[in-house]
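**Q** This is a predicted model, with the sequence first.
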Amino acid sequence: MKVLANDGIAAGGKKKLEEAGFEVITTKVAQEQLSNYIKENEISALIVRSATKVRKDVIDSCPSLKAIGRAGVGMDNIDVEYARSKGLYVFNTPAASSSSVAELVFAHLFGAVRFLYDANRNMPLEGDSRFKDLKKSYAAGSELRGKTLGIIGFGRIGREVAKIALGIGMKVIASDSTKGEAEITLEFYNHQEIKIPIKTEPVEELIKHADFITLHVPSQKEPILGKEEFSQMKKGVGIINAARGGVIDEVALVEAIDDGKVAFAGLDTFENEPSPAIKILMHPNISLSPHIGAATNEAQERIGYELAEQLISHFQ
Ligand code: MLT
């Protein structure tokens, strides 16, 4: 059976599939040629990250296709219900990248509160006039310890974010569909475990109380944070989005930063990927990364294994 890993697959997962007798093709096929390629090469399973779109037209025109695997969490690039209605096995790897995404949230947070991007750009060359009279006032930062982190969406990734936040002494409030207290388990390297209760609040309340807000929800029809929500937030709040573009109204975000309500935003995802709107791209108080939440060696290895395991057991 042939598997097309159109956005790549880590070495471990590829090897596991090959050992189980699959032929794994990692050629990158352009979106416009995808249906023809799958048909002509009689591909049985298609593995994608977020770049390749698997819409109704691909599903309808490829009778050999029996399975679609999403190397990651969000399945918004696949017509999942339609594919399932046609009998295809559609699956993702929900747990494999949570800690990598959570760590990227803190890369953005630490970078912003300590002005790392400005600091990089302001380093003087010897002989540069800035070298003699080095001003560091732009980098008057703040600590995360003691501040309140509001986590919107308390699934696997939100919970990993909470664990890191607690580890550095932040207070955590989470908003989730469940009401009342939530609990997370901190696991230490020596296998000790501690259960910590987490306060939950509806989004309308959380946004009023948080010093920093991070979103961990799937793609939404309407933004969760817009003009009204920004107006309710604390002055100087920082916003992180490593979930999906569209969960924040970007026009309202830029306005809220320009008004001084929001101090900064760290965005790994935005409405117009891969190139953000110019106002987002050029804004000095917005730090950007190109949707790399899951782009660590560890996450990709885990994703590769999970994909291989699920495909093998499905076809067996
Ligand atoms: C995901 O949904 O898994 C992440 O956004 C990462 C990715 O798309 O690669």
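**A** That came through fine. Residues are numbered from 1 along each chain as shown.
**Q** now the end-to-end length of stretch 144-156.
**A** 22 Å (Cα to Cα, to the nearest Å).
**Q** Run through who's touching it.
**A** Here stretch 144-156 makes contact (Cβ atoms under 8 Å, 6 or more residues apart in numbering) with 73, 94-95, 98, 109-110, 113, 158, 161-162, 165, 168-176, 178, 182, 198, 200, 203, 206-207, 209-217, 224, 243. Quick note: C-beta positions are derived from backbone N, CA and C, even for glycine.
**Q** Name the residues of that stretch that are buried.
**A** For stretch 144-156, the neighbour count (16 or more other Cβ atoms under 10 Å) marks Leu144, Lys147, Thr148, Leu149, Gly150, Ile151, Ile152, Gly153, Phe154, Gly155, Arg156 as buried.
**Q** Ok, stretch 86-93 next?
**A** Leu88, Val90, Phe91, Asn92, Thr93.
**Q** repeat for stretch 211-228
**A** Applying 16+ other Cβ under 10 Å to stretch 211-228 flags Asp211, Phe212, Ile213, Thr214, Leu215, His216, Val217, Pro223, Ile224, Leu225, Gly226 as buried.
**Q** Widest-spaced pair of those?
**A** Asp211 and Pro223 (21.0 Å; Cβ to Cβ).
**Q** near the ligand, which of the buried residues of stretch 86-93 show up?
**A** Among the buried residues of stretch 86-93, no residue is within reach of the ligand (Cβ under 6 Å from any ligand atom).
**Q** burial of Ser289, as a residue count?
**A** As a burial measure, Ser289 scores 16 neighbours (other Cβ atoms under 10 Å).
**Q** Next: Leu253.
**A** Counted with other Cβ under 10 Å, residues neighbouring Leu253 total 26.
**Q** what about it, which SS state?
**A** Following DSSP: H, G, I helix; E, B strand; the rest coil, we place Leu253 in the helix state.
**Q** Per-residue confidence at the residue lying closest to Glu309 once chain neighbours are set aside, what does it come out as?
**A** Counting by Cβ to Cβ, 6 or more residues apart in numbering, Lys16 is the residue found nearest to Glu309 once chain neighbours are left out, at 7.3 Å. You'll see Lys16 listed with a pLDDT of 98.
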